[in-house]
Structure formats: structure tokens, C-alpha cells
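S.K.: what follows is a predicted structure for the sequence shown.
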Amino acid sequence: MPALSPTMEEGTLSKWNIKVGDTVSAGDVIAEIETDKATMEVEAVDEGVVEALLVEAGAEGVKVNAPIARLKDEADHSAKSPPSSASPPLPPGEEDQEKQGPRSSPPGGGGREADGGGSAAAAPVAVAKPNAAEASAGEPEKQPPETVKPKAEGEGPVALATPSPLADPDIPAGTKMVATTVRDALRDAMAEEMRRDDSVFLIGEEVAQYQGAYKVSRDLLQEFGDKRVVDTPITEYGFAGLGVGAAMAGLKPIVEFMTFNFAMQAIDAIVNSAAKTRYMSGGQITCSIVFRGPNGAAARVGAQHSQDYSAWYGSVPGLKVIAPYDAADAKGLLKAAIRDPNPVVFLENEMLYGHEFDVPEMDDFVLPIGKAKVRREGRHVTLVAHSRMVGFALEAAEKLAADGIEAEVVDMRTLRPLDHETIVESVKKTNRLVSVEEGWATYGVGAEVCQRVVEHAFDYLDAPPTRVSGEDVPMPYAANLEALCLPSVDKIVQAVKGVCYK
Amino acid sequence: MARASKPPTADAKRSQARRPAQTGAKPRPGRTSALAADPAPSDHNHPPGSASKDQMLGWYRDMLLIRRFEERAGQLYGMGLIGGFCHLYIGQEAIAVGMQSIAEDGDEVITGYREHGHMLAIGMDPKAVLSELTGRATGAARGKGGSMHMFSVEKGFFGGNGIVGAQVPLGTGLAFANWYRGNGKVSFTYFGDGAANQGQVYEAFNMAELWKLPIVFVIENNQYAMGTSVERASSQTHLFRRGESFNIPGEEVDGMDIEAVREAGARAAEFARSGQGPYILEMKTYRYRGHSMSDPAKYRTREEVDEVRKTRDPIDHLRDKMEARGFADEAALKAIDAEVKKIVADAAEFARTAPEPDPKELYTDVYAEA
């Protein structure tokens, strides 16, 4: 089973194009596999006669690197080397690549077909490529990695769907909960708001025909048409500015950035035009617009695709900034953002898109902007986090509990306006603070959180507040260095033990 | 050399028909004088009688109001009553007044930081504009915007933008909203020869043509981007041709001749309004004053400025036309002079004496009530 992206862990083998006894050559399309965001064709990388299909068509949850078929003639050499590197004839020009190492599987598959492989007798035989239609619709350099079930960089699984021990005051008791991915929660939020208000539209790269670079806008084009789901050229500055202009004229655009890394090209439109115009016009111009997309690090995409912009946007008056963790917050807060008459920067996280959480089944589930949420109660230390780091903090709290330290986890949810009251109240109880953020510490969100606590609860502190953050370097590519660069559960545990003097 | 830059399109014949009159003078490649356009030849396209006496008197009044207003703004700046940057529109009056005279109710205007003239042309209160310049609570932005940031939603004026070129995608967004609503309105998006070199302008051109948005891009080419002449900054100095690779038609217009402005403006607006997409008008014009009040203007000679004032002045030019057509009613002109003088004097007095914003206003207007 080939990985279609650096973050994919499993997929569905939807269709076989071959049967036992067929002869296949390298490059033949032998199967189709599906993830929750894409359907891809699988090409054979080896030649031979198919001896067995090891996975049935329609099988779900096939792990990356699991063998899916076996060729008759490979038993001889499969034991001594990774089969894909032993493949006989390669197309001209590929010999060099072959010598250097395993062939990588486009797009960005990272050559995983060669580094595992399960049973010695069964060899993975395929690499995947996007099907023709998707390949022509995509732009390779900008094609993002997809997320299916993200790995947790050596931390073990990210805390998933941890049921909050607290009754969420925003949800009436007895409401039915439906397991929903963050991706679908975001889509549902947009769809519901677009049904509710004709002036809401979605604009961005690949949002329409491609169904969203991360499938967040899946099926919206079909329901709302190309006037309200608008594919743009790759022109961030231009379409962000266009969105702001449309908002000034009274529409309610949702501007999707394929990642907020690309929004740096558009930051003038977001800050100078969207955030400041209401003030500069003495309150005349309203700019109701949402800028949304994945923010921060995905996995193995290097420095230019991995920056966390929370602190950048969080510092700008005139903007509201939201960074949800779970699917319910993603939905309830995106709906609130779309309705809000102000420009809202809505920071998602690619690594969370495929995670399932409970979402309340309600006709109109809207959460208040500017309200933090205590996700776990504790009395020894307060952990403050947002977005994906909430999951890390919850997992760290679980580990700490085993050591007798009860951590309270506060999910900021909204970065601006910052609900420091909830944080301060927690610290008054625990007397210790560790802030966790994925971005750089210097001038960061944690710096702001610590300052607010020092300002409002100085006398309650039993230890200096401290921060866990991304390391102060551009994001490295190598897997080990990347893991070192990011915050981790262990780093959080260590920081907590530090402030608890344990 | 063709003056109109028209791409081959499926509806080429149709759009040709919409652009019959080639007004203004031929551009002269390589010419470096302030104005490439010679206003004289355009008159045969404007036979006397095509505009009424009252119409022409109205333009005269509006242009004179801008001129006198800006002169007074310069004076108040010199007195220390206006702070920061102050970019005067003197010399370019025919463009704002001419274009506004062909706009329809509900059309939008957006421009850069040299916007005082546009605001007066669109009918904003001179007192509100001048008292914004002096930073008073009565200003068009309640004292929070200043010279470069004034707005009037009521009049369809969306600024006033201090970032060179940023108004172009914003104006394209206004046009997108018109297209989205199918309301038949046009966005008039102005920018200068300096902004014409900004990348975001071309991102906006591309989308505007791709989606056939109802927008007229008006390039006010006053020959200098701050202190850098067009020739020193632009590899293609014929800015009306900058849309060619996007298939956006463009033409050069004598921006010192209000009738040439009106004619080209009407043609471009009709093109955009009828669903054919964007249109570029390059208005050849000249600013008499420095880029801003603090500009020593070492990059051009006094003689160059004097020459334009003497031979190309848009207000004198209009007056000459009115005389030639027998519309220069001495009493009417004198009455206009007096009216304008009084409006400006009253506005100046108002701007001097209006109260500054209440300190409580520091924290208002940051967010709209959700």
C-alpha cells in the first residue's frame, strides 16, 4: 500500500484493475486507492505475473506499506532486499535514481514502499500517482500533503477525541453527538452558513472543481455553483484583496488559503486593508470576511510550508483570530466567524483535518468567539494551548496524572480577543503556568499569555511561568530534526515538572 | 501606432463598435515631455453643442472647487493645521470631474492617496474633507483617517488608500460584488503611473478579465511616481497597453481635456456595464504640485511645470472651449468663482475651528458589534 502523502497512514483499496494470473509491467495502473480526500491510481513498479491479491477490492483501512499483491517471480530476491529496489527493467533515465535509493512515490510519497513491507514473501508492487484529471487540475509545487491519520512524530498517537470531563456549557444536555472529522465539520459550517445567507461565498485556490486542496470544500461546488464557490488563479495577494473589496461592498467572503504560509503574500490585504479600514473610515466601512486555511507545520514539508502565524495575526487590532482544536469548535467557531461583521483569521491545522471528534447534532451550533475552554480540570498546574497543541497538552496531562500531577488544560480557542480571564482564573487555582504553542516563542502567543498572567495573577504564582514552543529555527526537513523542532508531549511533561519542582 | 490596445476577442467587432471615436492625440513613443497628448485634435469629436452650457458650467464649477480647495489645503498645511502627508490633486481635476459626470448612481469609486479631488467630485462635503485633513471629529473619517484615508459609503467612495496599488484588488472586489449581485453597477478603480508597476495590479487584471468583472481601471498618469518619471520606472511607458497580455482593452486619453475624459469614460463604463469585462483608460495628466507637501521637486524643472500650466491647464482648457462655443457667460463664471471661494473659505474656517475627536474615540471603531 503506497503512501500518497507524507501524512497518510492508511487508505481504502477501492478497485483492482488486475486479477490473479495477469502479467503486469512497471507503469501499469493496477488499482485505485482512496483516502478521505482523494482517489489515486496505483501503478506497478515491478513486472511479473500476479500470484495473489492480498487485499480485497473495497477494503478499508489498509495500512501504508502493507502488501496488497504478490508477484510470482519475486520470492527469490524479496528476502534479500527491498523488492522495489530490485525491480527489473526501468525506463531509460531512471537507473541513476534507482542506484541512489528507493524510488519515491509521487506526489511526495517519500518512498515508503521500500522501507517496511511486512512479510518477506509479499512485496509491495505499486506506487501511486494522481489520476489524470486531478493531475491536470493540480499544481505540483503547491500540492499540499494530505492528511489521513497523522503520525505524531514519535510521540505515539495524538490524543484523539478525548471526551471532555466537563459539561460544555454551549451544548444543551442530552444533545446527540456525531463523530465528525475536523475537515467535515469545517465543510458543514460553510455549507450551513451558505444556505443561510446568500451573501456568503467561498473563494480560493482549488476550492471548487478540485473539491479543496484538503477536501474541506468537498461538494460545495455541486450544491452552490461556481458563482459562490470560486476557483482562483494562484494569486494570493490578488484574491485576498478582491475578497476584502467584496466584503467592503457588503458580501461575506470566505477566503481560503491553501496554507497560511502562502497568505504571507496577502498579508497586506489582511492587515492594511481588512483590519484597519473600519477604524480609518471612522466606523463607516464594514469588512465581514473570513480568511481560513491550515496554519503551522504539517509533516516533512520544510521551513516555507511550516510556519505558525498565530502570533502575527494575534497582534493586529481590527482582526479576530480563532484557532480551534476539535471538530465541534471548528464548526461552531467557523459559523460564528462567518457571521461576525469583522475580519476573522481562522487558523486550522492540517494534521487535525482527519481527526474525528464528537460534534453536537444541532440545527444551528454556533459558539461564542473570544471564549476559552477548560478541557481538563486539575489543581497543580495550568497548561494553556491552542489548535493542535491542545491535543499534546491533553496527552501530557494524562501522563502527568500517572505521576500524581493534576494538570488543568485550557484551550484558548480564540487568540484575539484573548480570554485571559479563564486562564487567570485557572492559574489562581493551580499557581503554575506552562503555555504551549507550535510557533516560535520569541514575541509569541506564550509570551502574551505569560504576561497576562503575570499582570493579573502575579501574587498567585508559585513558579515563574514557562513556555513550550517550536524551536527557534526554521523548520528542518529531516524527520529527526523536525521532531526535535516541534513541541512534544515529553517536552510539555518536562516543563510541567520544572514548574512543579519535581 | 495604435492608440487603443484591443486584444483579439470573440466579440471584437462588437467591442470595436463600442469604441468608435479615437479621441485625444497620438502617443509619441520616446517623447519625454510632460504630456504626450495634444488636446487640440480632440475637439472635432466634440462638436459645439454636444454639451450644454449648464453642463459645462457645472464641470467648471466642480473643477474650480477642487483647485481652490487644494490650494487652501496647501495653505493650511503650511500653517501647520494639516499634518503628515498631503497629496494635492491640482492639475488633474478634469479626470475626477469628467469621470464622475458619466458615472451612474450606485457605481463605486476607489483610488489611492491623492483622493481629495475625487471626494469633492463625488459630492462629499468639502467641510468633512477639509476637517478630516485638520484631524477633527467632524472629518469624513471622524479624524481617524487623515488625508489618505477617507471614505463615504453613502456616496460609493471606498477610499483613500495609503498602500500604492492596494486599491486595485479592492476595486476589483467591489466589481466582483456587483457581478455577484448582477446589479449593473461599475467599479471605477483609479491608480497612478507608479502603482501601475505593482504586482497586485496584474493579479487583479487577470481575475477581472477572467471573470469579466464590471470595472474600469483608470490610470492617472501624471508622469511622476513620487520623484521617478515614467520613463525611469516603466519598461512599457504606454500604460494603457499594460492589459494586453490579459486581453483587457485599453486606450490613452488626454486627461487634461474633460470632454475627452468623458467620452472615453462613457465608452469604457458601457463596455464594463454590458458584461464585456474590464477596460483600461490611461489618462495623461500632470500634477502641478510636488508628490506631497514635503516634495522639493528637484526631479523636474520649473519650466516644465510652467509650460503645462500655461498650455495644458484643464480648467483654462475648458474655459477656452466654453468661450469658443459662446458659453462663457461672464456673470455666470463670476458667480461660480464667488460661490467656490465662499465654499472653500467656509470649509477652511470650519476645519480650523471644529473640535478634535473626543479622547474616548481612541478605542471606538476598531471592531463592529457582533
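M.R.: Arrived safely, thanks for sending.
S.K.: going forward, measure contacts between C-alpha atoms and count neighbours the same way
M.R.: Noted.
S.K.: where does the stretch 251-370 of chain B have low pLDDT?
M.R.: Applying pLDDT under 70 to the stretch 251-370 of chain B flags no residue at all.
S.K.: and chain A, by the same measure?
M.R.: Using pLDDT under 70, chain A drops low at A:4, A:6, A:36-37, A:73-170.
S.K.: how about the backbone phi and psi for the most centrally placed residue in it?
M.R.: By CA atoms, centre = their mean, chain A has its centre lying nearest to A:Glu350, at 1.2 Å. Dihedral pair for A:Glu350: phi -60, psi -40, per degrees, to the nearest 10.
S.K.: so it makes contact with A:Val301?
M.R.: No: counting by CA atoms under 8 Å, A:Val301 is not a contact partner of A:Glu350; they are 11.8 Å apart.
S.K.: quick one: residues in contact with stretch B:167-183.
M.R.: With contact meaning CA atoms under 8 Å, 6 or more residues apart in numbering or on different chains, stretch B:167-183 is reached by A:227, A:238-239, A:241-251, B:108-112, B:161, B:184-191, B:200-201, B:203-204, B:208, B:213-215.
S.K.: repeat that with 7 Å
M.R.: A:238, A:241-246, A:249, A:251, B:110-112, B:161, B:184-187, B:189, B:200-201, B:204, B:208, B:213-215 (CA atoms under 7 Å, 6 or more residues apart in numbering or on different chains).
S.K.: again with stretch B:102-122
M.R.: Residues contacting stretch B:102-122 (CA under 7 Å, 6+ apart): B:62, B:66, B:87-89, B:93, B:96-97, B:100, B:126, B:148, B:155-162, B:164, B:167, B:171, B:185-191, B:262, B:265-266.
S.K.: A:Arg228: how many residues sit nearby?
M.R.: Using other CA atoms under 10 Å in any protein chain shown, A:Arg228 has 21 other residues around it.
S.K.: correct me if wrong: it contacts A:Phe201.
M.R.: Yes: using CA atoms under 7 Å, A:Arg228 is in contact with A:Phe201, at 4.5 Å.
S.K.: spatially central residue in chain B, please.
M.R.: B:Ala96 (3.9 Å).
S.K.: separation between whichever residue of the stretch 251-370 of chain B sits closest to chain A and A:Cys287?
M.R.: Residue nearest to chain A within the stretch 251-370 of chain B: B:Asp365 (4.7 Å; CA to the nearest CA). Between B:Asp365 and A:Cys287 the distance is 12 Å, computed by CA to CA, to the nearest Å.
S.K.: who's more crowded, the two?
M.R.: A:Cys287 (31 against 21).
S.K.: OK, contacts around that one?
M.R.: A:244, A:247-248, A:274, A:341-343.
S.K.: look at it and give its secondary structure.
M.R.: The local conformation at A:Cys287, judged by DSSP: H, G, I helix; E, B strand; the rest coil, is coil.
S.K.: that one and A:Gly241, how far apart?
M.R.: For A:Cys287, the distance to A:Gly241 - CA to CA - is 12 Å.
S.K.: related to what we said a few turns ago, residues in contact with the residue nearest to the centre of chain B?
M.R.: B:117-118, B:121.
S.K.: any chance of these in a markdown table, plus distance to B:Gly326 and secondary structure?
M.R.: Shown next, in a markdown table, are these (distance: CA to CA, whole Å; DSSP: H, G, I helix; E, B strand; the rest coil):
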| residue | distance to B:Gly326 | secondary structure |
| --- | --- | --- |
| B:Gly117 | 28 | helix |
| B:His118 | 29 | helix |
| B:Ala121 | 25 | helix |
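S.K.: which of the residues you listed sits closest to chain A?
M.R.: Looking across these and measuring by CA to the nearest CA, the closest to chain A is B:His118, at 16.0 Å.
S.K.: count the neighbours of that closest one for me.
M.R.: Using other CA under 10 Å, the number of residues around B:His118 comes to 25.
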